[in-house]
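Engineer: take this sequence and fold it.
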Amino acid sequence: MTDDTVQKILDAALMHVPFDGWSEVTLRAAVADAGVDPVVARALLPRGAVDLALAYHRRGDDLMAERLRAEDLNALRFRDRIARAVRLRLEVVEDREVVRRGTTLFALPMHAADGARAIWGTADRIWTELGDTSDDINWYTKRATLAGVYSSTVLYWLGDDSLGSQATWDFLDRRIGDVMQIEKVKAQVRGNAFLNKVFAGPNWVLSKVRAPGAVSDPDLPGRWTSPR
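Structural biologist: As a prediction, this is how the structure comes out:
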């Protein structure tokens, strides 16, 4: 019921966002249009329009995940699966102006951390849907790298007027290609005995980093294994 009410308010808000942004004006209009008690709305969205914008972002992640699961990705290279997921995430957006307004909101210093967490959440959702099982430092590097690719692609897409957003998809392929080149260099470094000795200390420290546990505090960046 709680989530249904938030979704109801969100549906009503989408017609106001292109004109008034993710603002209190939009929130009040959406609550009235949805026929929701303002007290209930404030309890569900204590930070107002910011929480509503984050709910919209999470809805996009959910829609992307649904479409991704419905596709047969077996014939695709892994880099192409990632590109497909990012593309689906953008294609589920019905009104580009709604995303543009959200980008403006989360560019504000007081909301920048929320925006960064939302982008990280999208990257995490993509990796999870694609079956990532890493539980070491790679858990973080994969998501951090994809978050950078995704955020830059969104900014490019917002200004793209090419037919079918083809310029954006080409941009996305180039960014993923850049990442693959970095991974190739990292593999070469790992295979170099001399460099392995040079970086033995840092590598040992990084080897102790683990992905967040299922029951760990969500506000903590991760957990460490006990020294052996």
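
Engineer: for the closest residue to residue 40 other than its chain neighbours, which three-state class applies?
Structural biologist: Excluding the flanking residues, the one nearest residue 40 by CB to CB, 6 or more residues apart in numbering is residue 5, at 6.8 Å. All C-beta atoms are positioned from the backbone trio N, CA, C, and that covers glycine. Judged by DSSP: H, G, I helix; E, B strand; the rest coil, the three-state class of residue 5 is helix.

Engineer: quick one: residue 5 and residue 154, what's the gap?
Structural biologist: 28 Å (CB to CB, to the nearest Å).

Engineer: again with residue 97
Structural biologist: Taking CB to CB, one finds residue 97 at 13 Å from residue 154.

Engineer: who's more crowded, those two?
Structural biologist: Higher neighbour count among residue 97 and residue 154: residue 154, with 20 against 13, using other CB atoms under 10 Å.

Engineer: okay, and that one sits in which element?
Structural biologist: In the assignment (DSSP states H and E), residue 154 maps to helix 137-158.

Engineer: buried set for that helix?
Structural biologist: Of the residues in helix 137-158, 137, 139-143, 145-147, 149-151, 153-154, 156-157 count as buried by neighbour count, 16 or more other CB atoms under 10 Å.

Engineer: cool, stretch 82-97 as well?
Structural biologist: By 16+ other CB under 10 Å, the buried positions in stretch 82-97 come out as 82, 83, 84, 85, 86, 87, 88, 89, 90, 92, 93.

Engineer: can I get that stretch in CSV, CA atoms only?
Structural biologist: What follows is stretch 82-97 as a C-alpha-only set of coordinates in CSV (Å, rounded to 0.1, in the frame of the first residue of the first chain):
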residue,chain,number,x,y,z
ILE,A,82,26.4,-4.2,-20.4
ALA,A,83,25.8,-1.8,-23.3
ARG,A,84,22.3,-3.3,-23.8
ALA,A,85,21.4,-2.8,-20.2
VAL,A,86,22.5,0.8,-20.2
ARG,A,87,20.6,1.4,-23.4
LEU,A,88,17.5,-0.2,-22.0
ARG,A,89,17.8,2.0,-18.9
LEU,A,90,17.6,5.1,-21.1
GLU,A,91,14.9,3.6,-23.4
VAL,A,92,12.4,3.1,-20.6
VAL,A,93,12.3,6.9,-20.1
GLU,A,94,9.2,8.3,-21.7
ASP,A,95,10.0,12.0,-21.3
ARG,A,96,13.6,13.2,-21.6
GLU,A,97,12.7,16.5,-19.9
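
Engineer: for the remainder of this discussion, apply numbering that starts at 626.
Structural biologist: Okay, residue one is now 626; in that scheme the one you just asked about reads as stretch 707-722.

Engineer: and it, how far out from the chain's middle?
Structural biologist: Chain-centre distance of stretch 707-722: 11 Å, with CA atoms, centre = their mean, to the nearest Å.

Engineer: could you do stretch 701-712 as well?
Structural biologist: The chain centroid and the centroid of stretch 701-712 are separated by 15 Å under CA atoms, centre = their mean.

Engineer: again, but for stretch 736-749
Structural biologist: 6 Å.

Engineer: again with stretch 644-663
Structural biologist: So, by CA atoms, centre = their mean, the centroid of stretch 644-663 is 25 Å from its chain's centroid.

Engineer: how long is it from one end to the other?
Structural biologist: Taking CA to CA, to the nearest Å, the first and last residues of stretch 644-663 lie 21 Å apart.

Engineer: buried residues of that stretch, list them for me.
Structural biologist: For stretch 644-663, burial by neighbour count (16+ other CB under 10 Å) applies to 645, 646, 647, 648, 651, 652, 653, 654, 655, 656, 659, 661.
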